[in-house]
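Engineer: coords below, sequence missing:
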Ligand SMILES: Cc1cc2nc3c(=O)[nH]c(=O)nc-3n(C[C@H](O)[C@H](O)[C@H](O)COP(=O)(O)OP(=O)(O)OC[C@H]3O[C@@H](n4cnc5c(N)ncnc54)[C@H](O)[C@@H]3O)c2cc1C
Ligand SMILES: CC(C)=CCC/C(C)=C/CC/C(C)=C/CSC[C@H](N)C(=O)O
């Protein structure tokens, strides 16, 4: 690595990450000081004073600004005003949030992270984020309490999210334990009972051994999925989402991305009734679509109904804030507008190729120069309108993202709408729906605050309900669903890709040193998926920077790691 080339790297979008376990959530980052418009005058870098030299302040050779830590690292995208960081007092400007995708990249490269190859302590981190709380990890406040409005549940085998929470000293909490009912617009086709044996009897009566087979089918998928953690422990990386999926689950995984979950499960011998009454509602609550989603995201969605799901006490986006601080990243509040490759002379008279990242801030346009750019936000143009200027190959925008509306209502649900004239007989607290055209909601379920309450709510208390719907609910629809309510909050999301297999997975490497973290969302969108992609890009950019090809796209790792390592 030459000195000049390692001066800067940058990532765009946010980490979801967290998160960039989110993320959201990995990004190598490059700390640079945006070249303010005045600096564009070509007057060259500021000079270091005697005092600067005494304070070991140097000039960054990429943008000429003063820096104490040698070269520059910058990440674009990341935090907006997050919740109070886990162990810091509230700062005047409010602690920067993050999102899981990008921040976990920063963490993976944070100079004091022993787990990861890192570019060394001369690498600093900047984050450019247009400023929402943790991206799609977010909460809404209702009557003084916060509820997850975006990414809400985490699987017990999501090891990156787990390690972030542990490393950041955060606590896990168990989301609501709801009794689930499956409603088809006219009646409940399945209702969970409080009694375990009654549920077993109902499941066998309705669906034979499909539930048991589903449990084993998801287990098999998870066994293969878990391989990625071992690969990443040994610093193996993958230059495309296809090769990453193939390394995990071979053709089984790469094929799943190109057919529907309906086709996959029919081929596996599941009954159509089970697919329509159990699988379809699971796809609707998790991804706002039916069984036409691709088989891989369908499998992830089914894993999202496993037992042991958890969340972060205080809000999942606390992971983002914590990752930001742990990665020593610097927040630059701005909206990235364009990325362009530029040649710059080095002190020795050579020329180095850098990326000029332009972004809008409250103070006006600004820019920074970086070695590596990592995009950690969906490139769907309705979300992230970054222009890639003068690149030989046009860098394509991703496919459109699916609107999901999360509506929070504090009120008394209208049991008679669901066929129960007597509320006392209405026992379910989470209602999933089948693909019934007349239904205007995907799901409705009670939610608990992200911070456990000191005393459990009295049964007479009206509950807070979260409704997922494709469109905002009308007042009339709210009145159909609720006998009475006294608070409503609506959060509209462009939540996930519109899944319609065969999926064309965007490249991870968009240009020599431009990486795209959210390519993985076209396979499946989840906090952990972004964290895995983030760590992959942290490794991949590092190995490509140092020419360590032996750590990229290795075949047969599953077998080799059993014997060699
Ligand atoms: C309603 C909902 C429910 C969900 N439930 C779950 C769940 O239960 N479990 C789970 O695992 N996952 C869930 N997810 C998915 C999960 O939240 C996402 O996959 C993950 O948070 C994505 O993180 P990210 O960092 O990749 O992207 P994001 O979090 O979307 O971050 C992108 C960021 O980029 C910023 N940005 C965009 N354009 C620019 C620009 N030009 N310049 C600077 N910044 C820019 C945005 O402000 C944003 O903060 C859910 C998502 C939604 C919406
Ligand atoms: C990535 C792997 C292997 C597992 C993740 C499983 C998981 C947590 C899936 C959830 C995916 C998702 C996008 C859920 C959205 S809705 C969540 C919940 N049902 C709710 O109603 O809030």
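Structural biologist: That came in fine, so what should we check first? In this text, all values refer to a predicted model and were calculated from it rather than measured experimentally. Residues are numbered from 1 along each chain as shown. Ligands and ions are numbered 1, 2, ... in the order given.
Engineer: what does stretch 449-458 rub up against?
Structural biologist: 139, 145-148, 173, 311-316, 463 (Cβ atoms under 8 Å, 6 or more residues apart in numbering). Bear in mind the C-beta positions are built from the backbone N, C-alpha and C, glycine included.
Engineer: Got the phi and psi for the residue of the stretch 101-250 of the chain found nearest ligand 1?
Structural biologist: Going by Cβ to the nearest ligand atom, ligand 1 is nearest to residue 135 of the stretch 101-250 of the chain, at 2.1 Å. Per-residue torsions, residue 135: phi 70, psi -130 (degrees, to the nearest 10).
Engineer: before we move on, back to that, just the buried ones from the contacts of stretch 449-458?
Structural biologist: 139, 145-148, 311-316, 463 (16 or more other Cβ atoms under 10 Å).
Engineer: Just these: which are in helices?
Structural biologist: Nothing among the buried ones among the contacts of stretch 449-458 maps onto helices, per DSSP state H.
Engineer: will you turn those residues into a markdown table that also has distance to ligand 2 and pLDDT?
Structural biologist: Below are the buried ones among the contacts of stretch 449-458 laid out as a markdown table (distance: Cβ to the nearest ligand atom, whole Å; pLDDT from 0 to 100):
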| residue | distance to ligand 2 | pLDDT |
| --- | --- | --- |
| 139 | 12 | 96 |
| 145 | 16 | 95 |
| 146 | 14 | 97 |
| 147 | 10 | 97 |
| 148 | 7 | 97 |
| 311 | 9 | 98 |
| 312 | 13 | 98 |
| 313 | 16 | 98 |
| 314 | 17 | 97 |
| 315 | 13 | 97 |
| 316 | 11 | 97 |
| 463 | 15 | 93 |
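Engineer: now the strands for the stretch 401-550 of the chain?
Structural biologist: Secondary structure of the stretch 401-550 of the chain by DSSP state E, counting those that start in this stretch: the strands cover 401-413, 430-433, 443-446, 463-469, 482-497, 509-511, 514-516.
Engineer: Nearest to residue 307 among those strands would be which one?
Structural biologist: Residue 307 lies closest, by Cβ to Cβ, to one member of these: strand 430-433, at 14.2 Å.
Engineer: That closest one pairs with which strands?
Structural biologist: strand 180-183 (parallel), strand 443-446 (antiparallel) (DSSP bridges).
Engineer: In JSON lines, list these along with mean neighbour count.
Structural biologist: Output for the strands paired with strand 430-433, formatted as JSON lines (neighbours: other Cβ atoms under 10 Å):
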{"stretch": "strand 180-183", "mean neighbour count": "22"}
{"stretch": "strand 443-446", "mean neighbour count": "21"}
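Engineer: Turn the ones you listed into CSV, columns for distance to ligand 2.
Structural biologist: Converted to CSV, the strands paired with strand 430-433 look like this (distance: least, Cβ to the nearest ligand atom, whole Å):
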stretch, distance to ligand 2
strand 180-183, 10
strand 443-446, 6
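Engineer: what would those strands look like in CSV with mean pLDDT?
Structural biologist: Converted to CSV, the strands paired with strand 430-433 look like this (pLDDT from 0 to 100):
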stretch, mean pLDDT
strand 180-183, 96
strand 443-446, 97
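Engineer: Contact residues of the stretch 301-450 of the chain facing ligand 2?
Structural biologist: Remark: the part of the stretch 301-450 of the chain in contact with ligand 2 comprises 301, 303-304, 443, using Cβ under 6 Å from any ligand atom.
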